[in-house]
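In: below: sequence and its predicted model.
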Amino acid sequence: MNALSERFRTWLLDGLVYHSTRHQGPHAEVTARTHSWWRVMCLSGVDYFSTLGYQPAIAALAAGLLSPLATVVLVLLTLLGALPVYRRVARESFKGSGSIAMLEKLLPWWSGKLFVLVLLGFAATDFMITITLSAADAAAHAIENPFAPSWFHGNQVLLTLFLVALLGAVFLRGFKEAIGIAVVLVAVYLTLNVVVIAVSIAHVAADPVVIGDWWTALNTQHGNPLVMVGIALVVFPRLALGLSGFETGVAVMPQITGDPSDTPSNPVGRIRGAGRLLTTAAVIMSAFLISSSLVTTFLIPQKAFQPGGPANGRALAYLAHQYLGSGFGTVYDISTICILWFAGASAMAGLLNLVPRYLPRYGMAPNWVRAVRPLVLVFIAIAFLITLFFQANVDAQGGAYATGVLVLITSAAVAVTLSARRHRQRKRTVGFALVSLVFLYTTVVNVIERPEGLRIAALFVVGILVISIISRVHRSFQLRATSVELDEAAVSFVMDDAEYGDIRIIANEPDDGSEREYREKNYDERRFSNIPYPARTIFLEVHPADSSDFEEDLLVRGVVKHGYRVLEVRSGNVPNTLAAVLLEIRDITGTVPSIYFEWTEGNPISNMFKFLVTGGGEVAPVTREVLRESEKNVKRRPTVHVS
């Protein structure tokens, strides 16, 4: 039984490396295998291209006869707005962290961390709702097919849960399999859509009167062309779901094969591949959006788009059955069901990339979050809860989906605007600022029309914040240093003392750096801690850094100040850093060091809160607790003296 449990644990945590800050998921900085940009495009494209399953119907329902014009506005925003924004994001955030990483650098200390957590909440809304909404829409398409078994009807929730579980099984199997499935699904789905749209265009060409009827009805309904343009601009935010897929496009960048000359700091080939991915996907989707909007508007009666109508949410499927027969229509339905189901794959890939890159590094998630399989199980469990809560209702989840998509795109536009301004690129700054305003307008309109989306997103944000705070407190007494390096002088100090059999470290809070400071500190510790005067001592100082950081690479410098040997290290957390340095000294020298403190003044409770927020507070007892948690063998644990 124990052997079976151990094998399961090994399988579950495969790829997890505790001492490394690198993300160990499918988007690791160093991946075992990368893929051509077009194959990776298919992974992000299962989300982007799958919107063809419902986007034409959404456009027709929102804009009516003006659907083609509103779609043109959406395409222009895609090609002239979202595409340039995310091409720049790909150049500046090529590790797969997207625009969130760009914004993180602009805000220091806790403000930056909290801002990132809020954005992660919206990203989680976007990606999680993508999984559940797409699966629910796939189930709805399956139920609407004329050949569907009778027991499908009334069981949309069970069908959706099955599809979500099946998606999780694919990712538990492996990331390579996910990309292979995505390539096949995208190729088949786009081919079938080309056939449906081509046949529909042929019917329009054979009966051009439908164009005249549409134009006459349009002029009768709206009259003035300027009024038409104005209405199209007002209603196009309802079509915003057609912008999904850009954030996952940059999230999967680490999976793209670059040039042999690529370096971690300048992966030129990978960035070029990401640019091709984003551009190709945007051009393909734009062509499909415009053509599908035209043929569905010309050939499908407006009343068929209404709720309960045969074209509601499935306009192209309606045309496939209408003009190519039930056999081909069923094949098209199966393809649509498959790509809608697997649209959650790009969302899952985005989650598996973003969450491990941020939360463990902030101390706001357990270390096992860096492993893929446990995280997949967590996301699938959340998707189950969302599906049950919404009863697999596609319309009920649409607002939250659009809110998550638009907030992420708006944040990306703001990030590249600030980047262009920082690089003093005036024309690009103005251009990106205008794009940001358009996306901000779109987001605000969407929130006003569908406020439930913001409420659902707020639940994700609050959930991430609460879990993050609890995790940060729970992990307070862990070692936080991902690496500790002593320079040549520091190694010389500790090795010299080790030859005498004892390494005595005096913890010193840096003050004015005067000779008096070190003389009095040395005198007080020797007097109150009974350090004999012939014994050698070394000062250890932690100089303040960003206390909101959790994981750090520590560099310990050895310097001589006023004749006293001093080890200096920069960190945002004092006790955990002292413990890490002491353990490193022990490992280097083979001698267990001792460290000497004086008691901290102030209330212990307030000092504890100070430790959690600023990394200071009650240093001596916390250092001892961190050492106790990290080294269970008392004989190998550095000794803490307090006087």
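Out: Done, it's in.
In: switch to C-alpha atoms for all contacts and neighbour counts from now on
Out: OK.
In: skipping its backbone neighbours, what lies nearest residue 421 in space?
Out: residue 429 (5.5 Å; CA to CA, 6 or more residues apart in numbering).
In: same question but for residue 122, I mixed them up
Out: residue 404 (4.9 Å).
In: and if you look at residue 484?
Out: Going by CA to CA, 6+ apart, residue 484 has residue 554 as its nearest residue, at 4.7 Å.
In: is it true that the one you found lies in a helix?
Out: No. Residue 554: not assigned to a helix; according to DSSP: H, G, I helix; E, B strand; the rest coil it is strand.
In: what is the burial count for it?
Out: By other CA atoms under 10 Å, the residues close to residue 554 number 19.
In: how close does it get to residue 327?
Out: Separation of residue 554 from residue 327 (CA to CA, to the nearest Å): 65 Å.
In: returning to that earlier point: so the residue nearest to residue 122 is in contact with residue 125, correct?
Out: Yes. Using CA atoms under 8 Å, residue 404 is in contact with residue 125, at 5.5 Å.
In: secondary structure element for residue 540?
Out: Per DSSP states H and E, residue 540 falls inside strand 538-544.
In: elements contacting the helix ranked longest in the chain?
Out: Criterion DSSP state H: the longest helix present in the chain is helix 315-358. Packing partners of helix 315-358 (3 or more CA pairs under 8 Å, 6 or more residues apart in numbering; DSSP states H and E): helix 37-48, helix 55-63, helix 109-144, helix 156-173, helix 175-206, helix 246-251, helix 268-299, helix 372-390.
In: now residue 147: which helix or strand?
Out: Here residue 147 is assigned to no helix or strand, by DSSP H and E.
In: model confidence for residue 546, exactly?
Out: Note for residue 546: predicted pLDDT of 69.
In: any stretches of the stretch 501-643 of the chain with poor pLDDT?
Out: 546-550, 600-617 (pLDDT under 70).
In: need the strands for it, in chain order.
Out: 504-507, 538-544, 552-561, 564-571, 594-597, 639-642 (DSSP state E, counting those that start in this stretch).
In: and those strands as a markdown table, adding distance to residue 163?
Out: Formatted as a markdown table, the strands of the stretch 501-643 of the chain follow (distance: least, CA to CA, whole Å):
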| stretch | distance to residue 163 |
| --- | --- |
| strand 504-507 | 58 |
| strand 538-544 | 50 |
| strand 552-561 | 40 |
| strand 564-571 | 47 |
| strand 594-597 | 58 |
| strand 639-642 | 56 |
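In: and the residue nearest to residue 421, which of the three is it?
Out: helix.
In: tell me how many other residues surround it.
Out: Other residues lying near residue 429 total 20 when counted by other CA under 10 Å.
In: what's the distance between it and residue 436?
Out: 10 Å.
In: touching both of those two, which residues are there?
Out: Residues touching both residue 429 and residue 436 (CA atoms under 8 Å, 6 or more residues apart in numbering) are residue 417.
In: looking at the protein, which helix or strand is least sure?
Out: helix 604-614 (a mean of 53; mean pLDDT, DSSP states H and E).
In: and residue 273, what's its pLDDT?
Out: 90.
In: who's in contact with it?
Out: Residue 273 makes contact with 36-37, 256-258, according to CA under 8 Å, 6+ apart.
In: residue 506 contacts residue 582, correct?
Out: No. The criterion here is CA under 8 Å, and residue 506 misses it with residue 582 at 11.3 Å.
In: show me the contacts for the nearest residue to residue 164 once chain neighbours are set aside.
Out: Closest residue to residue 164 apart from its sequence neighbours, by CA to CA, 6+ apart: residue 135 at 6.4 Å. Applying CA under 8 Å, 6+ apart, we find residue 135 in contact with 160-161, 163-164, 340-342, 344.
In: same check, this time on residue 167
Out: Contacts of residue 167 by CA under 8 Å, 6+ apart are 341-342, 344-345.
In: which positions within stretch 394-412 qualify as buried?
Out: Neighbour counts using 16 or more other CA atoms under 10 Å place 394, 397-412 of stretch 394-412 among the buried residues.
In: ignore the last one, stretch 514-522
Out: Quick answer for stretch 514-522 (16+ other CA under 10 Å): 518, 521-522.
In: and stretch 66-86, by the same measure?
Out: 66-75, 77-78, 81-86.
In: cool, stretch 154-168 as well?
Out: Counting neighbours by 16+ other CA under 10 Å, stretch 154-168 gives 156-161, 163-165, 167-168 as buried.
In: using CSV, lay out those together with pLDDT and distance to residue 495.
Out: Shown next, in CSV, are those (pLDDT from 0 to 100; distance: CA to CA, whole Å):
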residue, pLDDT, distance to residue 495
156, 86, 69
157, 88, 67
158, 91, 66
159, 90, 66
160, 89, 64
161, 91, 61
163, 90, 61
164, 89, 58
165, 90, 57
167, 85, 55
168, 85, 52
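In: so who does residue 146 touch?
Out: residue 326.
In: report pLDDT for it.
Out: pLDDT, residue 146: 77.
In: could you pull up phi and psi at it?
Out: Per-residue torsions, residue 146: phi -60, psi -20 (degrees, to the nearest 10).
In: for residue 318, see how far away it is.
Out: 12 Å.
In: picking that back up, any idea which of the helices and strands packed on helix 315-358 gets closest to residue 490?
Out: Checking the helices and strands packed on helix 315-358 against residue 490 by CA to CA gives helix 109-144 as the closest, at 29.0 Å.
In: for residue 626, which non-adjacent residue is spatially closest?
Out: residue 477 (4.8 Å).
In: does that neighbour touch residue 576 like I think?
Out: Yes. Applying CA under 8 Å, one finds residue 477 in contact with residue 576, separated by 7.1 Å.
In: any shared contact partners between those two?
Out: 622, 626.
In: neighbour-wise, which of these two wins?
Out: Between residue 477 and residue 576, counted using other CA under 10 Å, the more crowded position is residue 576 (27 against 19).
In: related to what we said a few turns ago, widest-spaced pair of the contacts of residue 167?
Out: Maximum distance among these (CA to CA): 8.2 Å, for 341 and 345.
In: OK, contacts around residue 308?
Out: Contacts of residue 308 (CA under 8 Å, 6+ apart): none.
In: tell me the secondary structure for it?
Out: coil.
In: please apply the same query to residue 154.
Out: Per three-state DSSP, residue 154 ends up coil.
In: now it: how far from residue 130?
Out: Applying CA to CA to residue 154 and residue 130 gives a distance of 22 Å.
In: ditto for residue 89
Out: Applying CA to CA to residue 89 and residue 130 gives a distance of 22 Å.
In: which one's more surrounded, those two?
Out: Taking other CA under 10 Å, residue 89 and residue 130 do not tie; residue 130 has more neighbours (31 against 27).
In: tell me the contacts of the closest residue in space to the more buried one that isn't next to it in sequence?
Out: Distances taken as CA to CA, 6+ apart put residue 344 closest to residue 130, at 5.7 Å, once the chain neighbours are dropped. Shown in contact with residue 344 (CA under 8 Å, 6+ apart): 46-47, 127, 130-132, 134-135, 167.
In: ok, back up a step: tell me which of the contacts of residue 273 is nearest to residue 139?
Out: residue 37 (30.4 Å).
In: thinking again about what came up before, ok, now which ones touch the residue nearest to residue 484?
Out: Contacts of residue 554 (CA under 8 Å, 6+ apart): 481-485, 569-571.
In: check residue 443 too.
Out: So residue 443 contacts 237, 403, 406-407, 410 (CA under 8 Å, 6+ apart).
In: can you show me the CA trace of the helix or strand that it is a member of as PDB?
Out: Using DSSP H and E, the element containing residue 443 is helix 426-449. The C-alpha trace of helix 426-449 is given here as PDB (Å, rounded to 0.1, in the frame of the first residue of the first chain):
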ATOM      1  CA  ARG A 426       5.800  59.400 -29.100                       C
ATOM      2  CA  LYS A 427       3.700  58.200 -32.100                       C
ATOM      3  CA  ARG A 428       3.400  54.700 -30.700                       C
ATOM      4  CA  THR A 429       2.500  56.100 -27.200                       C
ATOM      5  CA  VAL A 430      -0.400  58.100 -28.800                       C
ATOM      6  CA  GLY A 431      -1.500  55.100 -30.900                       C
ATOM      7  CA  PHE A 432      -1.500  52.600 -28.000                       C
ATOM      8  CA  ALA A 433      -3.200  55.200 -25.800                       C
ATOM      9  CA  LEU A 434      -6.000  55.500 -28.300                       C
ATOM     10  CA  VAL A 435      -6.300  51.700 -28.400                       C
ATOM     11  CA  SER A 436      -6.400  51.600 -24.600                       C
ATOM     12  CA  LEU A 437      -9.200  54.100 -24.600                       C
ATOM     13  CA  VAL A 438     -11.200  52.000 -27.100                       C
ATOM     14  CA  PHE A 439     -10.700  48.800 -25.000                       C
ATOM     15  CA  LEU A 440     -11.600  50.700 -21.800                       C
ATOM     16  CA  TYR A 441     -14.800  52.000 -23.400                       C
ATOM     17  CA  THR A 442     -15.600  48.400 -24.500                       C
ATOM     18  CA  THR A 443     -14.900  47.000 -21.100                       C
ATOM     19  CA  VAL A 444     -17.100  49.700 -19.300                       C
ATOM     20  CA  VAL A 445     -20.000  49.200 -21.800                       C
ATOM     21  CA  ASN A 446     -19.800  45.400 -21.300                       C
ATOM     22  CA  VAL A 447     -19.800  45.800 -17.500                       C
ATOM     23  CA  ILE A 448     -22.700  48.200 -17.500                       C
ATOM     24  CA  GLU A 449     -24.800  45.900 -19.800                       C
END
